[in-house]
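Chemist: Sequence plus the predicted model coming up.
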Amino acid sequence: METLDIIVFLVYFVLIIGYGLWIYYRKKSKSSDSKDYFLAEGSLTWWAIGASLIASNISAEQFIGMSGEGFFVGIAIAAYEWIAAIALIIVAIWFIPIYLKNKIYTMPQFLEVRYNKSVSLIMAVFWLFLYIIVNLSSILYLGALAIDTLLGGNNFHAIMITLLIMALLIGLGGMKVIGFTDVIQVAVLIIGGFATVYMALQIVDQRINGREIGNAFAGFQTLLKEAPQHFKLILDKPSVSTTTLAMPENLQVQKYVVLPGLAMYFAGQWIVQLNYWGCNQYITQRALGADLKTARTGILFAGFLKLFMPVIVMLPGIAAYVLYSKGHLQGFNGVKDGAYSAILQFLPTGLKGLAVAALTAAIVASLAGKVNSISTIFTLDIYKKYIRSDATEIQMVRMGRWVIISAMLIALAFTWTDVLGIGGEGGFTFIQKYTGFISPGVFAMFFLGMFWKRTTGTAALVGVVLGFVLSVFFNNFAVDFFGKETWLYTAFTYEKLENGVVHTITEIPFLINMAWSFFITVLMMILISFAGPKINPKAFEIDRTMFKVDPKTMVLIVITILLLTALYVRFW
């Protein structure tokens, strides 16, 4: 980066840290209140909630991982963003009212109130493990890798530590500081992201069409012309055969394994989305401290913004694919997680600094939000209940801060040498795949717990364990047990290059695995619940009036659905 780029980045850094400190000192008199620290109770506006949801969600796995999948698969990966808009509408209308009516502040608390302490404790430990080992580590690794690649390499560990320090300065201030700084983070993310896309399209037009000054609209038309297969939302099912690594059929199999065509819309995508947006402390925490109208509007605002996220995080990957296929990305080795950094090398001085600031904003916001959720679960659901039940508000806040520091150090240890192998199969796929091991059981437990009164604690406990066991079975043993082609699934065999070695892999698409794990888990939970009492005293009382939506909110919902419909009609 040039001097101007560094200045632009430093302005962002000073602005974020300065604003965070200002927010913190404004609320310093309330800092001993645990609910204020963990939930910013009653403090976040609807636009702050919506912005914070987007800032926490859009991170390295989107900028780097989804751009990489855009390079490899194309627009089909946008399903994760666009279906999220519908999932957020469902969460805003049906999930959040249940949480707020029953004064739920953490997801383990929901499980304790609805089921029992055993289910709550097991899931609290599960979530802490998942958030620290998988999510926090992958965000840190992918973010540091992307920025290091952009800066020329050899600074990976220094960048990793810098990102943690920035996130620490924000995270220690609590949810109110995180929520309001996320507004600036999202502004930087959107402005920098759209500027990057605009310049990337100009570069495509300039390099591919030989223009002296590129035109962004012409650049987009060039992408449509040069990579029509990258603008198909629903992938066709390929033939089942082992092919040589270089053949197009092999690439089609690899793509379909990640995004199994129309089949993924029957269950897999919905389980991913509704579990992430509706049963995830990391996300719901932003809205749990607000009143229903504020929380609902903020979530719907985030859903509306979701429609535009693929433009920011996916189009640069497709632009990188076209430039790479035409020989215009010198020094880029074709590894998909390097696509975003490869496209940034063409940006002019100043804009490159803004792009790095946008990427850093996404990473830091996600790190800060994640460690706050880790801190909240540990402090409220483990420390307060099982370690020190007489802890004061000050002691709980102090413990929360120590947990933040500890979680960051653990994540740093796991990412220092990529012990998890995050860089092997692509960051976005890594996160979706391994989060998917617990998603079926968790979502089944929450969904039945909310909307079916007979669901028992025993059924919930069996469900979360069974969902995990079934996920492991379908991912690792189903092919050996049932064979490659059954009415349950189709397993695909293909060759894949990893770390310079060609491996022959037989695999069932993980979204299909997730669907069957979910359906079988739900069926078993229903059978177990029928064997229990007909009247469950721990079931939530649902007042149907709390699901009603006011006319202004309905307008926002209709606009979001119409825009999404238009996108699917255009790229089907």
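Modeler: Received the coordinates, thanks. Residues are numbered from 1 along each chain as shown.
Chemist: and Ala144, what does it touch?
Modeler: 156-157, 159-160, 163, 415 (C-beta atoms under 8 Å, 6 or more residues apart in numbering). Every C-beta, even on glycine, is put in place using the N, C-alpha and C of the backbone.
Chemist: Quick one, which of those residues are buried?
Modeler: Buried by 16 or more other C-beta atoms under 10 Å: 156, 159-160, 163, 415, out of those.
Chemist: okay if I get the residues you listed as JSON lines plus pLDDT, distance to Ala87 and secondary structure?
Modeler: Output for these, formatted as JSON lines (pLDDT from 0 to 100; distance: C-beta to C-beta, whole Å; DSSP: H, G, I helix; E, B strand; the rest coil):
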{"residue": "Phe156", "pLDDT": "84", "distance to Ala87": "34", "secondary structure": "helix"}
{"residue": "Ile159", "pLDDT": "87", "distance to Ala87": "33", "secondary structure": "helix"}
{"residue": "Met160", "pLDDT": "88", "distance to Ala87": "31", "secondary structure": "helix"}
{"residue": "Leu163", "pLDDT": "88", "distance to Ala87": "28", "secondary structure": "helix"}
{"residue": "Thr415", "pLDDT": "81", "distance to Ala87": "29", "secondary structure": "helix"}
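Chemist: what's the closest of the residues you listed to Trp270?
Modeler: Nearest to Trp270 among the buried ones among the contacts of Ala144: Thr415, at 30.8 Å, using C-beta to C-beta.
Chemist: residue contacts, the closest one?
Modeler: Thr415 touches 137-138, 140-141, 144, 160, 422, counting by C-beta under 8 Å, 6+ apart.
Chemist: what do you get if the cut-off is 10 Å, keeping everything else the same?
Modeler: Contacts for Thr415 (C-beta atoms under 10 Å, 6 or more residues apart in numbering) come out as 136-145, 156-157, 160, 164, 422.
Chemist: among those residues, which are in helices?
Modeler: 137-145, 156-157, 160, 164 (DSSP state H).
Chemist: helices and strands around the strand or helix carrying Phe473, which ones?
Modeler: In this structure, Phe473 sits in helix 457-476 according to DSSP states H and E. Contact here means 3 or more C-beta pairs under 10 Å, 6 or more residues apart in numbering; DSSP states H and E; on that basis helix 457-476 packs against helix 107-114, helix 117-129, helix 427-435, helix 439-451, helix 478-482, helix 510-530.
Chemist: quick check: angle from that helix to helix 107-114?
Modeler: If you take axes from the mean of the first three to the mean of the last three C-alpha atoms, to 10 degrees, helix 457-476 sits at 140 degrees to helix 107-114.
Chemist: Using PDB, list the CA coordinates for helix 457-476.
Modeler: What follows is helix 457-476 as a C-alpha-only set of coordinates in PDB (Å, rounded to 0.1, in the frame of the first residue of the first chain):
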ATOM      1  CA  GLY A 457     -36.700 -32.300  27.900                       C
ATOM      2  CA  THR A 458     -35.800 -35.900  27.200                       C
ATOM      3  CA  ALA A 459     -36.700 -35.500  23.500                       C
ATOM      4  CA  ALA A 460     -34.500 -32.300  23.300                       C
ATOM      5  CA  LEU A 461     -31.600 -34.100  24.900                       C
ATOM      6  CA  VAL A 462     -31.900 -37.000  22.500                       C
ATOM      7  CA  GLY A 463     -32.400 -34.600  19.600                       C
ATOM      8  CA  VAL A 464     -29.200 -32.600  20.100                       C
ATOM      9  CA  VAL A 465     -27.100 -35.700  20.500                       C
ATOM     10  CA  LEU A 466     -28.800 -37.700  17.700                       C
ATOM     11  CA  GLY A 467     -28.600 -34.700  15.300                       C
ATOM     12  CA  PHE A 468     -24.800 -34.600  15.800                       C
ATOM     13  CA  VAL A 469     -24.400 -38.400  15.500                       C
ATOM     14  CA  LEU A 470     -26.500 -38.500  12.300                       C
ATOM     15  CA  SER A 471     -24.400 -35.600  10.800                       C
ATOM     16  CA  VAL A 472     -21.200 -37.600  11.500                       C
ATOM     17  CA  PHE A 473     -22.800 -40.700  10.100                       C
ATOM     18  CA  PHE A 474     -24.000 -39.200   6.900                       C
ATOM     19  CA  ASN A 475     -20.700 -37.300   6.400                       C
ATOM     20  CA  ASN A 476     -18.300 -40.200   7.100                       C
END
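Chemist: and that helix, which residues are buried?
Modeler: By 16+ other C-beta under 10 Å, the buried positions in helix 457-476 come out as 457-464, 466-468, 470-471, 474-475.
Chemist: and what of stretch 177-187?
Modeler: Quick answer for stretch 177-187 (16+ other C-beta under 10 Å): 177-186.
Chemist: so where's the stretch 151-300 of the chain shaky on pLDDT?
Modeler: For the stretch 151-300 of the chain, the stretches flagged by pLDDT under 70 are 243-248.
Chemist: Please enumerate the helices of it.
Modeler: 156-171, 175-209, 216-226, 248-258, 268-278, 281-284, 292-306 (DSSP state H, counting those that start in this stretch).
Chemist: So which bits of the third one are buried?
Modeler: It refers to helix 216-226. Along helix 216-226, these residues count as buried under the neighbour rule (16+ other C-beta under 10 Å): 216, 218-220, 222-223, 226.
Chemist: in which helix or strand would I find Lys496?
Modeler: Applying DSSP H and E, one finds Lys496 within strand 492-498.
Chemist: Name every strand pairing with that strand and say which way it goes.
Modeler: Using DSSP bridges, the strands paired with strand 492-498 are strand 501-507 (antiparallel).
Chemist: what's in contact with the strand it pairs with?
Modeler: Counting by C-beta under 10 Å, 6+ apart, 240, 242, 244-245, 253-254, 257, 475-476, 479-480, 484, 491-498, 513 sit against strand 501-507.
Chemist: Please indicate which of these are buried?
Modeler: Buried, going by 16+ other C-beta under 10 Å: 253-254, 257, 475, 479, 491-496, 513, out of the contacts of strand 501-507.
Chemist: What is the least confident helix or strand in the protein?
Modeler: Here the helix or strand of the chain ranked lowest by mean pLDDT, DSSP states H and E is helix 427-435, holding a mean of 63.
Chemist: how about stretch 394-413: buried residues?
Modeler: Buried, per 16+ other C-beta under 10 Å, within stretch 394-413: 395-397, 399-401, 403-404, 407-408, 411-412.
Chemist: Nearest to Phe71 among these?
Modeler: Out of these, the member with the shortest distance to Phe71 (by C-beta to C-beta) is Ala411, at 26.5 Å.
Chemist: Look up how far Ala144 lies from the closest one.
Modeler: 11 Å (C-beta to C-beta, to the nearest Å).
Chemist: list the residues that contact both of these two?
Modeler: Common neighbours of Ala411 and Ala144 (C-beta under 10 Å, 6+ apart) are 160, 164.
Chemist: Let me know the closest of the buried residues of helix 216-226 to Gln330.
Modeler: Glu226 (18.4 Å).
Chemist: quick one, helices of the stretch 1-150 of the chain?
Modeler: Ranges of helices in the stretch 1-150 of the chain, per DSSP H, counting those that start in this stretch, are 3-26, 34-39, 46-57, 60, 67-72, 79-90, 96-101, 107-114, 117-129, 137-150.
Chemist: Distance to His328 and mean pLDDT added to those helices, as a markdown table?
Modeler: Converted to a markdown table, the helices of the stretch 1-150 of the chain look like this (distance: least, C-beta to C-beta, whole Å; pLDDT from 0 to 100):
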| stretch | distance to His328 | mean pLDDT |
| --- | --- | --- |
| helix 3-26 | 22 | 82 |
| helix 34-39 | 49 | 74 |
| helix 46-57 | 32 | 85 |
| helix 60 | 25 | 65 |
| helix 67-72 | 14 | 86 |
| helix 79-90 | 27 | 92 |
| helix 96-101 | 47 | 91 |
| helix 107-114 | 47 | 92 |
| helix 117-129 | 43 | 89 |
| helix 137-150 | 18 | 80 |
